[in-house]
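Chemist: Got a predicted structure plus its sequence, pasted below:
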Amino acid sequence: QSSLTLFGVADAAVSYYSAKGVYYATPVGSRAPLATPFEVERSLTALSSGGNASSRMGFRGSEDLGGGLAASFWLESGFNQDTGANGIATFVRRSTVSLSGGFGELRLGRDYVPTYWNESVFDPMGAVGVGENLIKTVSGNIATVRGPGSLIAPTDNAIRASNSIGYFLPRNLGGFFGQVMYALPENVDSSNVPGSSTKKGRYYGGRFGYASGPFDAAIAYGESTAADTTTLTAAGVVTGARFSDKLRTINLGASYDFGILKLMGELSQVRDSTSTVTPVRGVAGPAIKENDKYNGAMLGMTIPVGVGMIKASVARVKFDNDLGVVLPGTPDRDASARKLALGYVHNLSKRTALYASVAHVRVKDGQNNPAIMGVYAGGLANVAGGTATSGIAPRSARGYDLGIRHSF
Amino acid sequence: QSSLTLFGVADAAVSYYSAKGVYYATPVGSRAPLATPFEVERSLTALSSGGNASSRMGFRGSEDLGGGLAASFWLESGFNQDTGANGIATFVRRSTVSLSGGFGELRLGRDYVPTYWNESVFDPMGAVGVGENLIKTVSGNIATVRGPGSLIAPTDNAIRASNSIGYFLPRNLGGFFGQVMYALPENVDSSNVPGSSTKKGRYYGGRFGYASGPFDAAIAYGESTAADTTTLTAAGVVTGARFSDKLRTINLGASYDFGILKLMGELSQVRDSTSTVTPVRGVAGPAIKENDKYNGAMLGMTIPVGVGMIKASVARVKFDNDLGVVLPGTPDRDASARKLALGYVHNLSKRTALYASVAHVRVKDGQNNPAIMGVYAGGLANVAGGTATSGIAPRSARGYDLGIRHSF
Amino acid sequence: QSSLTLFGVADAAVSYYSAKGVYYATPVGSRAPLATPFEVERSLTALSSGGNASSRMGFRGSEDLGGGLAASFWLESGFNQDTGANGIATFVRRSTVSLSGGFGELRLGRDYVPTYWNESVFDPMGAVGVGENLIKTVSGNIATVRGPGSLIAPTDNAIRASNSIGYFLPRNLGGFFGQVMYALPENVDSSNVPGSSTKKGRYYGGRFGYASGPFDAAIAYGESTAADTTTLTAAGVVTGARFSDKLRTINLGASYDFGILKLMGELSQVRDSTSTVTPVRGVAGPAIKENDKYNGAMLGMTIPVGVGMIKASVARVKFDNDLGVVLPGTPDRDASARKLALGYVHNLSKRTALYASVAHVRVKDGQNNPAIMGVYAGGLANVAGGTATSGIAPRSARGYDLGIRHSF
């Protein structure tokens, strides 16, 4: 006897993405102008998947064990509506088994990290499509460029974490809610390998908030160990540098529903902290530390209009370089990006909607920071963001989606 | 609340495939006989999947939106019953979301191309198993050898297309039916890359027909851009040849049910048109065009016998080489293939059947044309067709399936 | 109309694995002691999947065809609860379509081999988790190291076989039950390639037993062709050795339920038989045969305690080297392993349980036999078994699981 529920979203749109940049042949470190700098525009028209809600299919269920106790599971897969790729190849969107009761919920498996929730719950666009929260885009990019990533997803620990143990407070706390998560790094400890096991891949964090009536707010903190390595000789002797890199995220989101409109916003800081200790004549030298920051702010709103909903958001993320480590003559690394997103969702029913979104991004000094450079307004990275195009400094990007979303 | 329907087919057979060819060590372009030519026979006994209907699993559903409007989705995966390979790894059989109403149906995603339908609807064998429509086999081979293919399937645009926008006429047109499809090529347009974006991968086509009582007929046309390239210098200057290749398919299928037997057939032509423009001293030279044709005809019938059904078909495809481009001395490239297929399906219920099929193929000058050379009677290409066996000119192939098909 | 049933298991545990070994830098064939031998311990803490029952999702159904006849299918996928990897990417756990009736059941596709059943049915631990049946571990290792394996699984023919045709006796034989299976090797027979088709990958076997009241016992035999090759010249002339390798498994399992406890056990022998025929001056020389054996015994019990169940097992597998082929001076190859496993399952309901398992393994001369060397107590092979760590002779391994299993 099966107790499971199948659910999913089929979402497809006709989308257009374009990005403008300036071609420079000189190295990134140099500010010497090109003899003949010129602007490049790249664009793409595509059928896209998940512009209003990620195309997905899932299986979930719950069993009442008596005495307030329940066991439940959730297995969810993302697929590409436009090509049929991915299907139910994995359950990497979520793969959890839980035991819950008066004490709250204990959840094991792959799940969203606590720090991700403020980036999607308080985004009018739901962190998908061309208008997705700029803070989410940059946080994902940092994880891809710097973070531990995994074979499963380069953005691991920014959006989701595998091998996690999560705990959720019970729901009857008068509006207060909260969760903590610890994700095991799963690296081997060998007695003959100094520096093992490393902490690379570990995540821990939590999120606490209060929701009552029209008000909802939460603060979250998370730390992901992006790198943790010690260079050894073949014989296992520590010889080279010990390098560690941690991504520490703190963010705060809030929303207030005035009825005629709902205001929402997020403040976020991601610190990218590295420490390098190089042995000098067999003794560990001083730790060279760098503590860069990505400061983000997003403000949005949704306005119900009949069966429809108007959405808008503005956001900015600025990279704040730790100057202590930068050598004199280095170009300004304080890249930044701004984004404006507008959308309209026309609900044909509770489950089905037509939607239109448009977004515009401005990038400053993006070529000096891969996380900012990868900012896009939907679409393929090499079209919109320029990350895959060496020698092009991104200046702006825009995109639109015109689609249908059907939940089942 | 889920509204979806699960459906599928589990189909397995014991199959035997064999192919005879003549080994020749001399280059394909030469007609010099071998000192000691000899015949080679290759064979294989296997458990096969989908001899009567492709093994598959799917999820589909529809929601009534009121006012005659409906939203629906269809996600379908093919798997290998014999090995369990593929599972629901992808939805590449079909992945669509639709809005339908009095105006007809608008369908987005991955779907069958209009030109494919005449190759399966009017084939007594349903275009599967050892007896599958020879025209379908050759059309798929052309797409594999010449066509745009994709990472998803080498036969893309011959059978299915990704990134497609389809429109279907409403069903209440007094027996007339029709559909058109446009599949986006999704290539990047860069302002600094002349010739971009290319049209490679684009498909457009349509199918129109009339069905009433015992009569059913349809005509279809489709154009797939198999190649569209411009050779550039590293600096982006057009330097080399501009090459384009289009596969244009036109086919016509019809069936008439006389009660004691149902006659059906298909006529088809696939034109493989290439155009090469080579710059001469910086100026585009004359276009060298080649316009080859694959002309096919298939005639079949089904005869109900109690709970069973006898099936038979004969088919021929001839390659018609555009002699204008062929250099003198080139061997006869007018390869051709003939196929005879017989089958019996014994229905144990509406959903379950036992089946037996047998097919025989004759190939003439197949080594001079990879699309014809790849013709087989089921089974692995390197057994039956010889495509993977350089130096063997295929002569004949045969195969049988003895299996069970269970729909769920 | 769909008749299918969805079912599955979501199972996750916090697990710890460790293994001790001795590092030796000298070649495996030499018994010269290391100048400074030292012990190495490797360990890992992980979130694991399927410690009490393999995490899986499946689809199955049956149709009554009348007259006692039925058609049915079973498609089952394994996934990783801890990371979401694998999803329903394949149906390699089982992919079958069946016709059953008074005559028994005819089953086509990928299925468990008969010889596997005694290794899981009579194991108190169900052949999963840290405490899994040592005989199953070694049998799987032999198949991985020596066996035909496949692209689908290196343990193919030890646990499951693709392309199989199975027959099961009807169920009304007064307690007697039985099954036979033949799996097609699916290799190409080419008339111009002597020695083709090979039998590599073929499996045949059967299992027969009797179950009545508290008693259950079965004997099984299977033969898997692990290798079957003939070395040819480029011209197809037999020039080199003809090598064949067969894995023959015979095992016997039994259980008796005394009410307060259930006793169970298995005896097993896997023979690894190779035959090499080398041509001498164009004439086949004498066959050099080797007939190694893996002799295993396992004894276990389960004790119901309220809503819980205590489980325990001891097992031993000894490699018995065919001395006839071993050159003088070769080190003792008679590797062996012993395992002790204890577990407790606390049933929260029929479908949900908490569980704890612990296991300890001792390995003797394991470095001289990859199948024994790979023995572990759960977890990654390179942690626990040492197979991936050249130069480390495994001595012992231990592991525990602390988890939750939820069936749906």
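Modeler: Great, that's in hand. Given the structure is predicted, the values throughout are model-derived calculations rather than measurements.

Chemist: Tell me the residues on the stretch 101-250 of chain A that lie near chain C, please.
Modeler: Near chain C, the residues belonging to the stretch 101-250 of chain A are A:108-110, A:150, A:152, A:162-165, A:184, A:186-192, A:197 when assessed by Cβ under 8 Å from any Cβ of the partner chain. All C-beta atoms are positioned from the backbone trio N, CA, C, and that covers glycine.

Chemist: longest helix in chain A, by residue count?
Modeler: helix A:134-145 (DSSP state H).

Chemist: Report the backbone C-alpha coordinates of the helix or strand harbouring residue A:7 in PDB.
Modeler: Take DSSP states H and E as the rule and residue A:7 turns out to sit in strand A:5-23. Taking C-alpha atoms only, strand A:5-23 is exported to PDB below (Å, rounded to 0.1, in the frame of the first residue of the first chain):
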ATOM      1  CA  THR A   5       1.900  11.900  -3.300                       C
ATOM      2  CA  LEU A   6       3.200  12.900  -6.700                       C
ATOM      3  CA  PHE A   7       3.600  16.500  -7.500                       C
ATOM      4  CA  GLY A   8       5.400  18.700  -9.900                       C
ATOM      5  CA  VAL A   9       5.600  21.800 -12.000                       C
ATOM      6  CA  ALA A  10       5.700  22.000 -15.800                       C
ATOM      7  CA  ASP A  11       6.900  25.500 -16.800                       C
ATOM      8  CA  ALA A  12       8.100  26.700 -20.200                       C
ATOM      9  CA  ALA A  13       8.700  30.100 -21.700                       C
ATOM     10  CA  VAL A  14      10.000  31.800 -24.800                       C
ATOM     11  CA  SER A  15      12.900  33.800 -23.500                       C
ATOM     12  CA  TYR A  16      15.400  36.300 -24.800                       C
ATOM     13  CA  TYR A  17      18.700  37.100 -23.200                       C
ATOM     14  CA  SER A  18      21.300  39.700 -24.200                       C
ATOM     15  CA  ALA A  19      24.400  41.000 -22.600                       C
ATOM     16  CA  LYS A  20      26.700  43.900 -23.500                       C
ATOM     17  CA  GLY A  21      30.300  44.100 -22.700                       C
ATOM     18  CA  VAL A  22      33.600  45.700 -23.700                       C
ATOM     19  CA  TYR A  23      36.300  43.700 -25.300                       C
END
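
Chemist: Could you see whether chain B lies near that strand?
Modeler: Yes: with Cβ under 8 Å from any Cβ as the criterion, chain B is reached by strand A:5-23 at A:5, A:6, A:7, A:8, A:10, A:11, A:12, A:13, A:14, A:23.

Chemist: what's the answer for stretch A:144-163, then?
Modeler: No: if you take Cβ under 8 Å from any Cβ as the test, stretch A:144-163 misses chain B, and the best it gets is 15.2 Å.

Chemist: Identify the residues contacting whichever residue of the stretch 301-408 of chain A sits closest to chain C.
Modeler: Using Cβ to the nearest Cβ, the closest approach of the stretch 301-408 of chain A to chain C is made by residue A:408 at 14.7 Å. Contacts for residue A:408 (Cβ atoms under 8 Å, 6 or more residues apart in numbering or on different chains) come out as A:6, A:7, A:8, A:9, A:10, A:351, B:2, B:3, B:4, B:61, B:63, B:73.

Chemist: So the first one versus residue C:75, what's the distance?
Modeler: Right, residue A:6. 15 Å (Cβ to Cβ, to the nearest Å).

Chemist: Neighbour count: the two, which is higher?
Modeler: residue C:75 (30 against 18; other Cβ atoms under 10 Å in any protein chain shown).

Chemist: right, is whichever strand or helix holds the more buried one up against chain B?
Modeler: Element membership for residue C:75 (DSSP H and E) is strand C:69-78. Yes: judged by Cβ under 8 Å from any Cβ, strand C:69-78 and chain B are in contact via C:69, C:71, C:72, C:73, C:75, C:77.

Chemist: Run through the bridge partners of the closest residue to the second one other than its chain neighbours.
Modeler: Just to be clear, that refers to residue C:71. Among residues not flanking residue C:71 along the chain, residue B:352 sits closest, at 4.1 Å (Cβ to Cβ, 6 or more residues apart in numbering or on different chains). Beta-bridge pairing for residue B:352 (DSSP bridges): residue B:406.
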